[in-house]
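Asks: 3D model of this:
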Amino acid sequence: MARILVLVLVTISSLLPPIASQQAATKCEYTRHSRHRYKHPVGVRKIVVDASGAGDFVSIQQAVDSVPEGNTMRVIMQINAGTYIEKVVVPASKPYMTFQGAGRDVTVVEWHDRASDRGPDGQPLRTYNTASATILANYFNANISFKTQWSMMMNERPECTFVREVRRRTGKKGCGYGLVHHAAAADTVQGQAK
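Replies: Just a heads-up that it's a prediction; the model follows:
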């Protein structure tokens, strides 16, 4: 069986903002959002995710779920080397998260949903719901790889919805998307700025 792997590298480069107690809100440089004020996080919390059990959590989603709603701290998730086979959702109510992998070739998140797969309600998932990672939170940073695969034997088309929405807003760089790089031609990478 011929399997083709598509490796999607999501590298969102940004500087972590200084500790909140040291600076007031900074005005966003992106003119369309001229009234948007960047609010610095208060403090830093570090969480270690390790697939072998040597960290605080064994899955990325468990670590995300441990962050409280309305989070105001910068949460740095040190994700140790390994392959994490899971679907990751960072809700809008949990801002200021950083996914820091051990290296783009050794820390990989993968999930293999297809638009034709059935969801819990028995209906097809459709492309929009097949993302390996859905990032809805503001002030998100990442240095990690997302991977998917599909079978050419089944005449499937690759769907690049690995990161459905990536929004990054920092006071120093302005508001907008991080960079999404994918190795194969694809029909969708979805997201919207708010």
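Asks: tell me the contacts of the closest residue in space to residue 52 that isn't next to it in sequence?
Replies: Leaving aside its sequence neighbours, residue 52 sits nearest to residue 82 (Cβ to Cβ, 6 or more residues apart in numbering; 6.9 Å). The way it works is simple: take the backbone N, C-alpha and C, and place the C-beta from them, glycine included. If you count contacts by Cβ atoms under 8 Å, 6 or more residues apart in numbering, residue 82 has them with 50-52, 106-108.
Asks: how about 7 Å then?
Replies: Shown in contact with residue 82 (Cβ atoms under 7 Å, 6 or more residues apart in numbering): 51-52, 107.
Asks: ranges for the strands of this protein?
Replies: 3-12, 26-27, 37-38, 44-49, 74-79, 82-85, 88-90, 97-101, 107-110, 133-135, 141-151, 168-170, 174-176, 179-182 (DSSP state E).
Asks: re earlier: from residue 107, how far out is the residue nearest to residue 52?
Replies: Separation of residue 82 from residue 107 (Cβ to Cβ, to the nearest Å): 7 Å.
Asks: do the same with residue 56
Replies: 16 Å.
Asks: what's the answer for residue 74, then?
Replies: Distance of residue 74 to residue 107, given as Cβ to Cβ: 20 Å.
Asks: compare residue 56 and residue 107 and say which is more crowded by neighbours.
Replies: residue 107 (23 against 14; other Cβ atoms under 10 Å).
Asks: now do the residue nearest to the more buried one when sequence neighbours are not counted: how many residues are near it, please.
Replies: Leaving aside its sequence neighbours, residue 107 sits nearest to residue 101 (Cβ to Cβ, 6+ apart; 3.2 Å). When neighbours are defined as other Cβ under 10 Å, residue 101 has 25 of them.
Asks: what does residue 123 give?
Replies: 9.
Asks: show me what contacts it?
Replies: Residue 123 touches nothing, counting by Cβ under 7 Å, 6+ apart.
Asks: and residue 108, by the same measure?
Replies: Per Cβ under 7 Å, 6+ apart, neighbours of residue 108: 83, 145, 147.
Asks: where in this structure is pLDDT low?
Replies: Where the chain drops to pLDDT under 70, the residues are 1-36, 148-194.
Asks: contact partners for residue 88?
Replies: With Cβ under 7 Å, 6+ apart, residue 88 has these contacts: 60-61, 64, 109, 132-133.
Asks: highest neighbour count among those?
Replies: Neighbour-wise, the contacts of residue 88 (other Cβ under 10 Å) top out at residue 109, 29 neighbours.
Asks: do you know how far it is from residue 116?
Replies: From residue 109 to residue 116 the distance is 22 Å (Cβ to Cβ).
Asks: number of nearby residues for residue 121?
Replies: 7.
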